[in-house]
Structures are given as structure tokens and as C-alpha cells.
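> the sequence and its predicted three-dimensional model are supplied below.
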Amino acid sequence: MRNSFSLAGVALGLAALLSAQAAGAAELRSPDGRIAVTVVVDGRGSPQYGVRFDDEVVVAPSRLGLRFVDAMAMEAGFHVANLRRSASDTTWEQPWGERRLVRDRYNEMLVSFETDEPQRRRMLLRFRAYDDGVGFRYEV
């Protein structure tokens, strides 16, 4: 019984993410197109992301944000203010290791989130999709 509830929650979250995608969510794909990262803002203004590999969900819709001890949390009330995309395909040399030359090929999406409050808050999330995985970082 417990598993059916968690599967239902994942299914509902995925359905929400996919319907938001149809309404203009941002998607980033790896250079080979097999990995897809989807970024949306829910009804509360909470940024979320999900990851698919070959159309199979590997990261269910997950909330993004930051909480602080002595400051207001940055987890709701946001909208997407700007979106920038870029790509890179470089090779670098390492002094030791399994391979001497390492290929660094990825597609990148920088999402700027802002609030409409009088004391406007801004949060940047930089996503990178490689052919073998994804990564993201907060820039505040």
C-alpha cells in the first residue's frame, strides 16, 4: 500500500511537470539528446526541476531553493525573469589519470528567477547537461 502512494505521488508530480512543460517550461537536452532536464515554476512560485533519460524519469519533479538561518528563505514567490542557453565542446589535458585528454562537451541553461516583492530577490540556477549526466549550481 505504501509503495502505491509513493508511485502515485511520482506520477502526479511527473504529470504536473509535463503539463507545465506544455505551458512553457524550460527544457535543456544533452548534446546527444538522450538526457533532458526540465525546469518549471509551480503555482506557489517554487522552482522545480526533473530529469529524464531516454524518456524515463530518473529524477522526479523536485523543489529547488535555499533556506537560511538568519534570512528569508528563497523557495517561493519566484518567476522566470530570463533564460540564457549556451554550449561548449572543449578538450583539456590532465597530468595523470585514466585518460590524458578529457572532452568537456555540454549544453548549458542559465535560469534567472526573481520575485515581485518590494525588496526584490534574485536567484540564478545554472544547469549543464552532458551525455553522461547533469549538474546544476546556485548563483546568488
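Yes, it's here. Numbers count the residues shown, from 1 in each chain.
> let's check: the centremost residue of the protein is which one?
Tyr49 (4.4 Å; C-alpha atoms, centre = their mean).
> just give the closest residue to that one, not the sequence neighbours.
Leaving out its chain neighbours, the residue that sits closest to Tyr49 by C-beta to C-beta, 6 or more residues apart in numbering is Val39, at 5.0 Å. In this view, the C-beta of every residue, glycine as well, is placed from N, C-alpha and C.
> ok, the one you found touching Ser46?
No. Using C-beta atoms under 8 Å, Val39 is not in contact with Ser46, being 11.5 Å away.
> so these two - more neighbours on which side?
The residue with more neighbours, out of Val39 and Ser46, is Val39; 24 against 16, by other C-beta atoms under 10 Å.
> count the residues that sit near Ala73.
Counted by other C-beta under 10 Å, the residues lying close to Ala73 total 11.
> how about it, nearest residue that isn't a chain neighbour?
Arg67 (4.5 Å).
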